[in-house]
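mind folding the following:
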Amino acid sequence: MTKEVKEKYGLPTMLAVLSVSLLLTSANVINGILPQVGKGLGVSNAAAELLVTTPSLTALITLIASPALARFFGLKRVIGFGVLLVGISGVVPMFVSSYPLIMASRVVLGLGLGCYNSLAVTIIQIMWKGNVRSSLLGIRGAFENIGQMIMTSIVGLLISFVGWQGSFVVYLLAIASLVWFWVAVPDVKMIDENDDEDDPDDKFAAKTSPIAPLLVAFAAAYLIAMQSGFVRWAAVTQEAMGSDFNTSSIISIGVGAGIIAGFAFGPINKFLGRMNTLYLGIAIEAAGCFLLYFANGNYPMLVAAIICFYVPGPILGPWIFNQLPKYAPKSKQAFWSAAVMIGFHVGIFLAPIAMSAIEAVSGSKDLAVSFLPFGIALVLIIVGVFVYTTFFAKRAKTAAVEA
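Below is the predicted model:
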């Protein structure tokens, strides 16, 4: 990075750009009050959980369209519009008590988040170079969890004083972020005409490997179990500890563990190697599933479970993006990165559907019944990947060399 660029986009601009990422996981900040929301609206657990997961589906619409929108309207305008939608739609439940109207507001919330989900990364790639860019991309991911921790904690504090509806005032933070972003961040172009030459050390696949779509499928699969843990943990815990038990403070502990995992990803990946890092992330998520299923009201196991649900995301998400250059050409990186993000959103949306299906098949009314098959499936993924990489992949590589 040149001195000119560093001076032009200094710390205030960096923080303003990072601030919009604080909101990217804000659909989940009401996880801890879902039992109260469901009771207040007179709907089932599954219906209340859809208020969290539906934004991830509607975000797909604007996520797919956001690059074209940014080229037409400008990067800053599209990001600003997305943050504005989040702020306005987020506070709607404060003023209405109708489930359909609140669901409609959550649909719009998802559209706002999708507007700038990928652009929050793009703007960093355009405005900064080299090591500064890499550092900011890592910090940006941590900011998602930091934002969720702060907002979840505020919701947990507000629920006792202003009720579940008043807790939605937390979304006004989006307006504060928007003002900061709009004042401090310049309107940059999607293409930097003075971009540096390609790094000769960058290595990309010559053609797209069948592994690339498997990475997308894996992104969706592990998010089903993870999101299920996010949205169901509060109900399982309150069933065991009492309906007045404040779960938001414990969720904040889990989010904090996720932040630490995000900052630790680089050293972990370097120390363990890429495959062992993958196994570690999946194993922690599987442990969370088993802990929640077998907790049976055991408080330490419930706390350990929510920590295990928040830690794998900051490990597995970056791991997937780090693998894409190995399995897709440089010209296809943007496409497959977007595809992985879409996989994340599909997995999040399918989470309550998967839980409902397992509950219907099992005939059990146990809120944690889904997590035994989830845990077993994650263990099978570890076994399948290990067998493939240990035997079949090595044999194929040896045969290619001999040929």
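
tell me the SS of the residue nearest to residue 362 when sequence neighbours are not counted?
Using CB to CB, 6 or more residues apart in numbering and skipping residues adjacent in sequence, the residue nearest residue 362 is residue 369, 5.4 Å away. (C-beta placed from N, C-alpha, C; glycine too.) Classification of residue 369 using DSSP: H, G, I helix; E, B strand; the rest coil returns coil.

and if you look at residue 107?
helix.

again with residue 236
With three-state DSSP as the basis, residue 236 sits in helix.

who's in contact with it?
By CB atoms under 8 Å, 6 or more residues apart in numbering, residue 236 lies in contact with 292, 295, 302, 367-368.

what of residue 221?
Residue 221 touches 347, 377, 381, counting by CB under 8 Å, 6+ apart.

ok, residue 299 touching residue 245?
No - here residue 299 does not reach residue 245: they are 9.6 Å apart, not a contact under CB atoms under 8 Å.

distance of residue 183 relative to residue 171?
Distance, residue 183 to residue 171, using CB to CB, to the nearest Å: 20 Å.

could you tell me how many residues sit around residue 337?
17 (other CB atoms under 10 Å).

on the C-terminal side of the helix or strand hosting residue 281, identify the next helix or strand.
Using DSSP states H and E, the element containing residue 281 is helix 274-294. As assigned by DSSP H and E, the chain's next helix or strand after helix 274-294 is helix 299-310.

from the chain's centroid, how far away is that next one?
18 Å (CA atoms, centre = their mean, to the nearest Å).

packing partners of it?
helix 211-241, helix 248-272, helix 274-294 (3 or more CB pairs under 8 Å, 6 or more residues apart in numbering; DSSP states H and E).

point out where the chain drops to low pLDDT.
1-8, 125, 129-135, 137-138, 190-204, 330-334, 393-403 (pLDDT under 70).

tell me the contacts of residue 189?
Applying CB under 8 Å, 6+ apart to residue 189 gives the contacts 75, 126.

I'd like to know how far the nearest residue to residue 222 once chain neighbours are set aside sits from residue 253.
Residue nearest to residue 222 in three dimensions, not counting chain neighbours: residue 316, with 5.8 Å by CB to CB, 6+ apart. Look at residue 316 and residue 253: by CB to CB, they are 20 Å apart.

more neighbours: which of those two?
Applying other CB under 10 Å to residue 316 and residue 253 shows that residue 316 carries more neighbours, namely 23 against 14.

now do the longest helix along the chain and helix 211-241, the angle between them.
Looking across the chain with DSSP state H, the single longest helix is helix 130-166. With axes from the mean of the first three to the mean of the last three CA atoms, to 10 degrees as the basis, helix 130-166 and helix 211-241 are set at 40 degrees to each other.

check which element follows helix 130-166 along the chain.
helix 173-184.

packing partners of that next one?
Against helix 173-184 (3+ CB pairs under 8 Å, 6+ apart) you get helix 11-19, helix 75-90.

could you list the residues in contact with it?
Outside helix 173-184, the residues within contact range by CB under 8 Å, 6+ apart are 12-13, 15-17, 19-20, 22-23, 26, 76, 79-80, 83-84, 86-87, 90, 151.

try it again at 6 Å.
With contacts defined as CB atoms under 6 Å, 6 or more residues apart in numbering, helix 173-184 is touched by 12-13, 16, 19-20, 23, 80, 83-84, 86-87.

which among those end up buried?
Buried by 16 or more other CB atoms under 10 Å: 13, 16, 19-20, 23, 80, 83-84, 86-87, out of these.

so residue 230 touches residue 31, yeah?
Yes - counting by CB atoms under 6 Å, residue 230 touches residue 31, with 5.4 Å between them.
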